[in-house]
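Undergrad: Pasting the sequence and the predicted model now:
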Amino acid sequence: MSTDPTVLVAGGGATGAGVARDLARRGVSVMLVDRDGLASGTSGRSHGLLHSGARYAEADRDSAQECLRENRILTEIAGACVRETGGLFVRLAEDDADYFERKLEACKAAGIETERLNGEEVRELVPNVSDEVVEGFRVPDGVVYPSRLVAANAADAEAHGATVAPDAPVTDVTVAEGEIDAVEVGGAIDETVRPEIVVNAAGAWAGRLAKLAGATVEMAPSRGVMVAVEYDDLGPVLNRCRDPDDGDIVVPHDGQVVLGTTSVPVDDPDDYERADWEVERSVSECAAMLPSVADAPTVRTWWGVRPLYAPDEAGTDRRGISRGFAVIDHADEAVSGLVSVVGGKLTTYRWMAEVVADTVCDRLGIDAECETAVRNLPGADDPDRLDEFVERYGGANPTDVDVVDPSAAPTDSRVDE
């Protein structure tokens, strides 16, 4: 590397790649690094739902409205990185009718477009749905292919002058007189770099990276399993309309559906149990909505770890932790030049990146507007080009390996069997 970057972004998931793209488009010198291939952490091990906001509507209207806005933006700029499928919330006979009404009204209050359906109308839309479904409503959910999305963001960052380096872990951070002084980057970079600002976008691993600099980020990660099974022509995303629980979502792919998920606290996002009961429960609960998935052949199974931020977390049930995000300036801990972005959702990655980029530009005295909401991602309308980007930055991840390269057999490093 001939020149130290002004900003080092550590973490090559959706948010980190989004930050690199945003800053590079504003003319900032950026280096994006990740210890593995891009999107190999939480982003590429999700269920791939492009949220409409409906899941959060009654509990967190602000998050719901963020999801809705970003859903619409991604639909415009991301092309074949996303898929417009629509979504459907369904109530089974055993589910709380009052909750259904609250959810529906909350969606309307948040500005989420809905259409109420009776049981027969649901069955016309999804012919194999359970006979126990008594009603439902449509929402504008969709599907996101994170390997493509992250790679396209990285490619755009690189096209605007950024350095993008997968397989380049941050191994140490030196702080001198209360400011970031140097960062040791191994692997593909294998150098000491001296950025003015480090953006910690390491997701579930953000606490570890912060600790290298003597700062603190209180993460409360939880694991969840996803199971892809053979299934043709589901159509919309299926959500069970009840309090969030295991096995309450079915996400359509071409010739497959992804069933999920569970929520189990973990202490170490690299070393945790992959329990058979999670697979069995997710399949059986999803089968309550779509019975035929119970006997469908399993294509792949994988776990992801949610990067939940909970500085006041005391209990063990992490479903109630906010899916909002936080941007932390560690100058208050005498680590000036370190900015962490934690929490959030894949759907809102671009907005998270914009807020971080605004923060960084304010610190650098740069007056430049964000362009990422109105500029199409490169390759958006060319799936082959998107997939070339994916291979450039480390290959496809479990969430969308079937879409990025349907003929590829997932490797042990990316799929948990």
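TA: Great, that's in hand.

Undergrad: Flag every buried residue along stretch 105-118.
TA: 106, 107, 110, 112, 114, 117 (16 or more other C-beta atoms under 10 Å). Where you see a C-beta, it was placed from the backbone N, CA and C, and this is true even at glycine.

Undergrad: I figured the third one hits residue 66, correct?
TA: No - under the contact definition of C-beta atoms under 8 Å, residue 110 does not touch residue 66, with a separation of 10.0 Å.

Undergrad: hang on, the earlier thing: switch the buried residues of stretch 105-118 over to TSV; also include secondary structure, pLDDT and distance to residue 348.
TA: Shown next, in TSV, are those (DSSP: H, G, I helix; E, B strand; the rest coil; pLDDT from 0 to 100; distance: C-beta to C-beta, whole Å):
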residue	secondary structure	pLDDT	distance to residue 348
106	helix	98	18
107	helix	98	17
110	helix	98	14
112	coil	98	15
114	coil	98	21
117	strand	98	28
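
Undergrad: The residue nearest to residue 6 when sequence neighbours are not counted: neighbouring residues, count only.
TA: Spatial nearest neighbour of residue 6, excluding adjacent residues (C-beta to C-beta, 6 or more residues apart in numbering): residue 29 at 4.2 Å. Applying other C-beta atoms under 10 Å, we find 17 residues neighbouring residue 29.

Undergrad: same deal with residue 93?
TA: Residue 93, neighbours per other C-beta under 10 Å, totals 12.

Undergrad: how about it, what does it touch?
TA: 132, 134 (C-beta atoms under 8 Å, 6 or more residues apart in numbering).

Undergrad: Okay, now the sheet partners of the host helix or strand of residue 135, with direction.
TA: Assigned by DSSP states H and E, residue 135 falls within strand 133-139. Taking DSSP bridges as the criterion, strand 133-139 sits next to strand 87-92 (antiparallel), strand 115-118 (antiparallel) in its sheet.

Undergrad: And those strands: which comes nearest residue 74?
TA: Checking the strands paired with strand 133-139 against residue 74 by C-beta to C-beta gives strand 87-92 as the closest, at 14.6 Å.

Undergrad: related to what we said a few turns ago, for the strands paired with strand 133-139, could you give me CSV that also reports distance to residue 268?
TA: Shown next, in CSV, are those (distance: least, C-beta to C-beta, whole Å):
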stretch, distance to residue 268
strand 87-92, 33
strand 115-118, 44
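
Undergrad: what's the offset of stretch 37-53 from the middle of its chain?
TA: Distance of stretch 37-53 from the chain centroid (C-alpha atoms, centre = their mean, to the nearest Å) equals 3 Å.

Undergrad: Not including adjacent chain positions, what is the nearest residue to residue 210?
TA: residue 217 (4.3 Å).

Undergrad: In contact with that neighbour, which residues are there?
TA: Residue 217 neighbours (C-beta under 8 Å, 6+ apart): 200, 206, 207, 210, 309, 328, 340, 342.

Undergrad: what does residue 205 give?
TA: 11, 41, 269, 270.

Undergrad: so the third one, which of the three states?
TA: Classification of residue 269 by DSSP: H, G, I helix; E, B strand; the rest coil places it in coil.

Undergrad: dump the residue contacts of it.
TA: Residue 269 touches 204, 205, 221, 305, counting by C-beta under 8 Å, 6+ apart.

Undergrad: Put together a markdown table for those, with secondary structure on each row.
TA: Converted to a markdown table, those look like this (three-state DSSP):
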| residue | secondary structure |
| --- | --- |
| 204 | helix |
| 205 | helix |
| 221 | coil |
| 305 | strand |
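
Undergrad: thinking again about what came up before, looking at the strands paired with strand 133-139, which is nearest to residue 355?
TA: strand 87-92 (26.2 Å).

Undergrad: isn't residue 257 right up against residue 232?
TA: No - between residue 257 and residue 232 there is no contact under C-beta under 8 Å: 9.2 Å.

Undergrad: Who has more neighbours out of those two?
TA: Neighbours were counted for residue 257 and for residue 232 using other C-beta under 10 Å; residue 257 has more, 25 against 10.
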